[in-house]
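Engineer: everything below, folded, please.
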Amino acid sequence: SSHRDSLTHEAVQVGCWRQRFTMAARILAQMVAMGMQVSVRVFAQVYQEVARNAKKGGGGNAKETVNKGAAAVRSKLSHQMPIEEAYQVLDLPPTANAEEIAQKYDHLFTATDRSNGGNLYLQSKVYRARESIDTHDTDKMATVNKVEADAAAAA
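Structural biologist: Now for the predicted structure:
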């Protein structure tokens, strides 16, 4: 009887582990499925964006369309603001020079500060815009950083 109880107890323990393993496998499968859904959605959005860009450009420059699509993929996957939106947030043309970018960023960042009646959402948009320009236009931003460093040293 004691031996039978011991075997029954072991069988229950094995059954418990099997249930836990099955549950873990099920959760893992759900996570993989969610990741696939997100990937498919991002791909579909990027494909639509590339198609729109091709229609706007008349399909004349395939390399430019592919580059815009690749930039869209990078920005969607990295959660980085698209460069066009970044210039819009800073209210600057894409041809703005380093000094204009630095001045506008400083002005907007200060203006959107909570102590000046702004809010964190707007301030983070300004910050993300600067971050996007920083990663996209590295040469221009090296100059912006130098201008800001010179201004800080003068102050």
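
Engineer: quick check: buried residues in stretch 23-41?
Structural biologist: Residues of stretch 23-41 classed as buried: none (neighbour count, 16 or more other Cβ atoms under 10 Å). Using the backbone N, CA and C atoms, a C-beta is placed for each residue, glycine as well.

Engineer: pLDDT (mean, whole number) over it?
Structural biologist: Regarding stretch 23-41, the rounded mean pLDDT is 80.

Engineer: any residues touching that stretch, and which ones?
Structural biologist: Residues outside stretch 23-41 that contact it (Cβ atoms under 8 Å, 6 or more residues apart in numbering): none.

Engineer: number of residues surrounding residue 155?
Structural biologist: For residue 155, the number of neighbouring residues by other Cβ atoms under 10 Å comes to 5.

Engineer: oh sorry, the question was meant for residue 46
Structural biologist: Using other Cβ under 10 Å, the number of residues around residue 46 comes to 20.

Engineer: could you measure from residue 126 over to residue 120?
Structural biologist: Taking Cβ to Cβ, to the nearest Å as the measure, residue 126 falls 11 Å from residue 120.
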